[in-house]
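Need coordinates for the below:
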Amino acid sequence: MSYRIAEVADLVGVPATTLRYYEDIGLVDQPARGSNGYRSYDDADLARLRFITATKNLGIPLADVAELVQAYDVEDCSTVAHHVVEMVALRLAETQTRIGDLVALAAQLQTVSARLDAAPASGPCGDGCPCTTAAPEPLADRRTFVPLTRAPAVAVPDVPLIACSLDAGAVPDRISDWQALVARAVKREPIADGVALKFVASPELVVEVARLAAAEQDCCTFFTFTLTMTTGHVRLEVEAPGEAADVVAAMFGTAA
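Numbering: from 1, shown residues only. Below is the predicted model:
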């Protein structure tokens, strides 16, 4: 079956200008043209463009998408899927790191806001004035309550607040510790309110899982962790309210 560029754009979900751009940068070959001079796409072109759009929508850079397209054209599906998984893993790690950076930044901004609220109501600015302090000292207890999801306009009784009170400076290290631990999981399973991670048991791993779970629950009370040890394996169940599903996925991954 043949398609015009407008039809392909509609089926793939991108503007026709994007399809032309893909041709200009060599991401795809120029399609055949009919006797009327219009571009003519076939089913193979449509499938390839759908693949490109799907991988690009995952945030994979176009340079990497180009490599995937080359694999798509010559390799079997399982090999291509393996390449995509590797790139998705890199994107996930980058995203988790950005989450840690953004949470840390949010805590710093809240600290600055609290200092500015305490500024004198009158008088000129000068040395020691909160608005001229480039690197303000943290609040006394260094624990800032940072919302991790959009809060409702009106508080809802009995609905837990999805927020973290971890000190801003400790957030990147905590994220890194979880990433290193989650990477050791040999299996992920979906559970009702989260995900379960299965590990090969070792005394060192049990200690690390327990340490991280206890530390995380202390600052993010909306999490519930359940640790089960059986012969040769350790199972960590991570549960959270539905409002925190994105946070669970970002920190612990999703079940395959």
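
what about the protein, any weak spots by pLDDT?
For the chain, applying pLDDT under 70 flags the ranges 100, 104, 106-108, 110-111, 115, 118-121, 126-128, 130-161, 168-169, 255-256.

how near is residue 204 to residue 234?
11 Å (Cβ to Cβ, to the nearest Å). Bear in mind the C-beta positions are built from the backbone N, C-alpha and C, glycine included.

which of those two has more neighbours?
Between residue 204 and residue 234, counted using other Cβ atoms under 10 Å, the more crowded position is residue 234 (21 against 8).

and the more buried one, that's in a strand?
Yes - the assignment for residue 234 is a strand, going by DSSP: H, G, I helix; E, B strand; the rest coil.

Identify the residues contacting it.
Applying Cβ atoms under 8 Å, 6 or more residues apart in numbering, we find residue 234 in contact with 198, 199, 200, 201, 205, 206, 209, 227, 228.

where's the residue nearest to residue 18 when sequence neighbours are not counted, which helix or strand?
Distances taken as Cβ to Cβ, 6 or more residues apart in numbering place residue 9 nearest to residue 18, at 7.5 Å, with adjacent residues excluded. When elements are assigned from DSSP states H and E, residue 9 belongs to helix 5-12.

following that helix, which helix or strand shows up next?
Downstream of helix 5-12 (by DSSP H and E), the next one is helix 16-24.

Can you show me the CA trace of that next one as PDB?
Taking C-alpha atoms only, helix 16-24 is exported to PDB below (Å, rounded to 0.1, in the frame of the first residue of the first chain):
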ATOM      1  CA  ALA A  16       5.200  16.400   7.700                       C
ATOM      2  CA  THR A  17       8.000  18.900   8.300                       C
ATOM      3  CA  THR A  18       9.600  16.400  10.700                       C
ATOM      4  CA  LEU A  19       9.500  13.700   8.100                       C
ATOM      5  CA  ARG A  20      11.200  16.000   5.600                       C
ATOM      6  CA  TYR A  21      13.800  16.900   8.300                       C
ATOM      7  CA  TYR A  22      14.500  13.200   8.800                       C
ATOM      8  CA  GLU A  23      15.300  13.000   5.100                       C
ATOM      9  CA  ASP A  24      17.500  16.100   5.200                       C
END
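
Great, nothing more from me.
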